[in-house]
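K.L.:
sequence-free structure coming up:
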């Protein structure tokens, strides 16, 4: 099992910045992808950004140029720097990890989620 704990959410004015962090722990063998999703009230959960083990990143069109995802493979952490925030960025942000865990003499790959952190952009 992998536990993901997010931090860094809060209330910010439009145009402001926030930095979200997520730390993974557990019997981790490797983490392939680390992602940030978000879900606004009444909307489906959407992928915001993804970072691979090799450092490749990809972003939703709505956040390109404003958000930056970064990860520390050794520490099993991922961050999301969010700049020029807009009211439409208001949502619960979830950390997600596609990870392989040690299971006895073998391993197992699974998909893991954090509990979410609220980001509210409002004046």
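P.N.:
The structure has been received and is ready for your questions. Since the model is a prediction, treat every value here as computed from it, not as a measurement.
K.L.:
Could I get the full set of strands for the chain?
P.N.:
2-7, 10-12, 18-26, 28-39, 46-52, 57-59, 67-72, 77-82, 91-103, 106-113, 117-121 (DSSP state E).
K.L.:
Mean neighbour count, those strands: which tops it?
P.N.:
A comparison of these by mean neighbour count, using mean count of other CB atoms under 10 Å, puts strand 77-82 on top with a mean of 23. Backbone N, C-alpha and C define where each C-beta goes, glycine included.
K.L.:
Identify the bridge partners of residue 93.
P.N.:
residue 38, residue 117 (DSSP bridges).
K.L.:
Using JSON lines, please lay out the strands of the chain together with mean pLDDT.
P.N.:
Listed next are those as JSON lines, based on pLDDT from 0 to 100:
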{"stretch": "strand 2-7", "mean pLDDT": "96"}
{"stretch": "strand 10-12", "mean pLDDT": "98"}
{"stretch": "strand 18-26", "mean pLDDT": "97"}
{"stretch": "strand 28-39", "mean pLDDT": "96"}
{"stretch": "strand 46-52", "mean pLDDT": "98"}
{"stretch": "strand 57-59", "mean pLDDT": "98"}
{"stretch": "strand 67-72", "mean pLDDT": "97"}
{"stretch": "strand 77-82", "mean pLDDT": "98"}
{"stretch": "strand 91-103", "mean pLDDT": "96"}
{"stretch": "strand 106-113", "mean pLDDT": "95"}
{"stretch": "strand 117-121", "mean pLDDT": "98"}
